[in-house]
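Chemist: give me coordinates for this.
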Amino acid sequence: MLGSGVRLISAFEHTGPARKLVHDLKYRGITRYADLVARVVAPRVPPVPLVPIPRVLSRRAKYGVDPAYEIAVRVGSIVGQPVLDLLSAPLHASRRAGGDHSRQVAGLAVKHEIPRQIVLVDDVVTTGATLIAAASLVGEDRVSVALAANAASQVSSLSRR
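Modeler: Take a look at the predicted model:
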C-alpha cells in the first residue's frame, strides 16, 4: 500500500551516464538502454504481469517511442510475464520532466480490468507522483512493486507526501 510504501525497483540512479541514456531512450528513441535496464532489474521482479504507464500521446508521436512500454516488454520477456496495455494516456499534458512536480498527474485512465497483482513500469521516478497516481488509479493493493529505469536517490519507496 502506498501509505506504508510500495517498493520501487530501479536499475540506476537518475544521474550522470544513466540520466543521459534514459534521455536518449525518451527523446531519441534509442532503445538499447531498455535492454540494459531489463537485465539489471529482471532478477528482482515478481512473477506477475507488467503494466507500463503510457507516455502522453503527443510526446509518443513526437519522439516515436514509449519508454515505459519498451522497458516493460524487455523485462516481461526475461521473466516470462505478459505486458498488459491496461492504462490510457491523455492526448497531451504539460511536460513534467525537469519541471514543476507539484502539479497533479492527470489524464491517466484504466482501459480494462486490472489483475489481482501487477508490476507498474515507468521510465524515470523523480518524485514518485506519476507512479503514485497510477497506483491509486489501479488500486494500490494490486501493485506488487513499481519499476523504473532511473530514480532519484531519495526515492526508495512510494508514499503520499
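Chemist: tell me where the chain has helices.
Modeler: 16-28, 32-41, 57-63, 67-79, 129-138 (DSSP state H).
Chemist: which residue is nearest the centroid of the chain?
Modeler: Centroid-nearest residue in the chain, with C-alpha atoms, centre = their mean: Asp122, separated by 0.9 Å.
Chemist: so who does it touch?
Modeler: Residues near Asp122 by C-beta atoms under 8 Å, 6 or more residues apart in numbering: Pro52, Ile53, Ala68, Thr130, Leu131, Ala134, Ala146, Leu147, Ala148. Quick note: C-beta positions are derived from backbone N, CA and C, even for glycine.
Chemist: with respect to Ser88, which of the helices of the chain lies nearest?
Modeler: Closest to Ser88 of these is helix 57-63 (C-beta to C-beta; 8.8 Å).
Chemist: what ranges of the protein fall below the confidence cut-off?
Modeler: Of all residues in the chain, those with pLDDT under 70 make up the ranges 1-5, 90-106, 156-161.
Chemist: one more pass at 90, please.
Modeler: Scanning the chain with the threshold set as pLDDT under 90 gives 1-7, 55-61, 64, 88-114, 126-134, 136-137, 139-140, 152-161.
Chemist: before we move on, the earlier item: deepest-packed of the helices of the chain, please.
Modeler: Most buried of those, by mean neighbour count (mean count of other C-beta atoms under 10 Å): helix 67-79, with a mean of 22.
Chemist: so which elements touch that one?
Modeler: Applying 3 or more C-beta pairs under 8 Å, 6 or more residues apart in numbering; DSSP states H and E, one finds that helix 67-79 contacts helix 16-28, helix 32-41, strand 50-52, strand 118-125, strand 143-151.
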